[in-house]
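*Asks:* requesting a structural model of the entry that follows:
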Amino acid sequence: MQAVVANQPGGPEALAVQEVAAPRPGPGQVLVRTEAVGVNFIDTYHRSGVYPVDFPLTPGGEGAGVVSAVGDGVDFPIVGDRVAWAASATGSYAQQVLLDAAQALPVPEGVSAQLAAATPLQGMTAHMLVDGVSHLESGQTILVHAGAGGVGLLLTQLAVARGARVITTVSTDEKDTLSRSAGASDVIRYDQLDDLTAELPALVRDLTQGEGVHVAYDGVGKDTFDASLASVRRRGLLVLFGGASGQVPPFDLQRLNRAGSLFVTRPTLFHYIADADERAWRAREIFAAVADGSLDVRIGARFPLADAARAHAALEGRQTTGKVLLLP
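*Replies:* Coordinates of the predicted model:
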């Protein structure tokens with residue numbers, strides 16, 4: 001079968017398609033014929049060596065497809081079932097993927113393979129951000145960076161559904177329109193600011209009668225962290241859930257005291273879906289919302305499997321909106 005392989009850490013050019021041996025399911029495993037693969041920022045962290053992994057590496061922890069074989073002891077899923085997965089399998093940039101049967105997420109009727117691959121990781125991430133990492137309530141105001149990104153669009157919709165007011169940051173006219181269509185009440189163009197660290201908090205506080213936001217959700221990282229911290233109201237929360245611009249360096253915890261007894265957390269989805277019941281609950285709620293149309297999942301770009309390097313370059317260059325998919 002074909003799979004995307006990086007033989008050593010590096011830039012997007014490290015990714016290339018190779019012919020590799022097709023896997024076989026062992027006890028408790030299923031083999032899935034991959035129909036679509038989700039591309040996520042964590043894949044770029046693995047490829048570049050920001051997060052330590054073993055090489056040669058086939059990236060990817062998210063996708064959807066049809067079960068083609070099952071190992072011993074597997075009662076569910078069965079051959080022919082449509083399943084998705086997120087943060088539970090490695091090597092998803094391939095035509096076939098091995099998956100622990102217990103990690104398989106059933107895909108409901110009415111959800112296409114591409115939507116099924118685009119939903120789990122970013123959808124459950126957005127779900128944990130509003131119900132787990134924080135517990136958003138009606139009347140609260142939040143700041144969401146990269147409001148037109150995959151997580152940003154989903155997070156905005158989920159927050160608005162809870163009655164929250166959403167302020168987002170974006171970089172283009174197109175992204176401004178997309179963010180507002182997801183429910184953002186105010187959109188800040190950070191590309192039009194001369195000094196992001198000083199000007200963004202001032203704009204946020206102008207929009208919140210000087211108080212700041214209850215929660216700032218920051219998946220950008222190094223470039224926005226200081227501005228996010230200065231945008232949070234007294235006893236508010238900063239959720240750092242990614243580092244698209246680079247990792248945030250260590251900082252003096254006394255800054256939290258001076259800024260108003262603030263809270264900061266650095267969550268990862270793995271810790272919010274490690275429990276089987278919690279994982280099933282989050283996936284069920286997200287897929288149900290996609291199936292009934294109450295949650296719009298935007299697929300912003302599709303690339304053939306052989307163009308994985310181009311997909312990574314587009315994602316890291318912030319040239320995409322919504323979800324990026326590879327199609328084997």
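*Asks:* let me see the domain layout of this protein.
*Replies:* Domains of the chain are assigned by automatic domain parsing as 2-122+270-327, 134-265.
*Asks:* including mean pLDDT and mean neighbour count, could those go into JSON lines?
*Replies:* Every C-beta, even on glycine, is put in place using the N, C-alpha and C of the backbone. Converted to JSON lines, those look like this (pLDDT from 0 to 100; neighbours: other CB atoms under 10 Å):
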{"stretch": "domain 2-122+270-327", "mean pLDDT": "95", "mean neighbour count": "19"}
{"stretch": "domain 134-265", "mean pLDDT": "97", "mean neighbour count": "19"}
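*Asks:* JSON lines please, covering those domains and showing distance to Met128.
*Replies:* Formatted as JSON lines, the domains of the chain follow (distance: least, CB to CB, whole Å):
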{"stretch": "domain 2-122+270-327", "distance to Met128": "4"}
{"stretch": "domain 134-265", "distance to Met128": "9"}
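*Asks:* from the contact counts, what lies against the longest strand along the chain?
*Replies:* Using DSSP state E, we find that the single longest strand of the chain is strand 29-39. In terms of contacts (3 or more CB pairs under 8 Å, 6 or more residues apart in numbering; DSSP states H and E), strand 29-39 is packed against strand 62-70, strand 82-86, strand 96-100, helix 113-118, helix 120-130, helix 308-316, strand 323-327.
*Asks:* which among the ones you listed is found nearest to Leu240?
*Replies:* Distance to Leu240, taken as CB to CB, is lowest for helix 120-130 among the helices and strands packed on strand 29-39, at 11.2 Å.
*Asks:* adjacent strands (with direction) for the helix or strand following that closest one?
*Replies:* Where DSSP states H and E defines the elements, the next helix or strand beyond helix 120-130 is strand 141-144. Using DSSP bridges, the strands paired with strand 141-144 are strand 165-170 (parallel), strand 213-218 (parallel).
*Asks:* and the helix or strand following strand 141-144, how far out from the chain middle?
*Replies:* Going down the chain from strand 141-144, the next helix or strand is helix 150-161, by DSSP H and E. Distance, stretch centre to chain centre, for helix 150-161: 11 Å (CA atoms, centre = their mean, to the nearest Å).
*Asks:* helix 150-161 packs against which elements?
*Replies:* helix 120-130, strand 141-144, strand 165-170, helix 173-181.
*Asks:* which other residues reach the shortest one?
*Replies:* Counting contacts by CB atoms under 8 Å, 6 or more residues apart in numbering, the residues outside strand 141-144 that touch it are 136, 152, 155-156, 159, 164-169, 184, 204, 207-208, 213-217, 228, 231-232.
*Asks:* need the contact list for the residue positioned nearest the centre of the chain.
*Replies:* Closest to where the C-alpha atoms of the chain average out (CA atoms, centre = their mean) is Gln122, at 3.4 Å. Counting by CB under 8 Å, 6+ apart, Gln122 makes contact with Gly38, Asn40, Gly150, Val151, Leu154, Lys323.
*Asks:* could I get those residues as a markdown table with distance to Pro108?
*Replies:* Output for the contacts of Gln122, formatted as a markdown table (distance: CB to CB, whole Å):
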| residue | distance to Pro108 |
| --- | --- |
| Gly38 | 17 |
| Asn40 | 22 |
| Gly150 | 20 |
| Val151 | 22 |
| Leu154 | 17 |
| Lys323 | 18 |
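*Asks:* from those residues, which is closest to Val97?
*Replies:* Here the nearest of those to Val97, counting by CB to CB, is Gly38; it sits at 11.9 Å.
*Asks:* check the secondary structure at Ala202 for me.
*Replies:* helix (DSSP: H, G, I helix; E, B strand; the rest coil).
*Asks:* any idea how far Gly150 is from it?
*Replies:* 28 Å (CB to CB, to the nearest Å).
*Asks:* could you do Ala306 as well?
*Replies:* Distance, Ala306 to Gly150, by CB to CB: 22 Å.
*Asks:* again with Met124
*Replies:* Met124 is 12 Å from Gly150, where distance means CB to CB.
*Asks:* again, but for Gly110
*Replies:* 21 Å.
*Asks:* and for Asp186?
*Replies:* Asp186 is 21 Å from Gly150, where distance means CB to CB.
*Asks:* which parts of the stretch 201-328 of the chain are strands?
*Replies:* With strands called from DSSP state E, counting those that start in this stretch, the stretch 201-328 of the chain shows them at 213-218, 232-240, 263-265, 299-304, 323-327.
*Asks:* will you turn the ones you listed into CSV that also has distance to Trp85?
*Replies:* CSV is the format used below for the strands of the stretch 201-328 of the chain (distance: least, CB to CB, whole Å):
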stretch, distance to Trp85
strand 213-218, 24
strand 232-240, 25
strand 263-265, 26
strand 299-304, 18
strand 323-327, 14
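*Asks:* returning to that earlier point: and of the strands paired with strand 141-144, who's closest to Pro25?
*Replies:* Closest to Pro25 of the strands paired with strand 141-144 is strand 213-218 (CB to CB; 37.9 Å).
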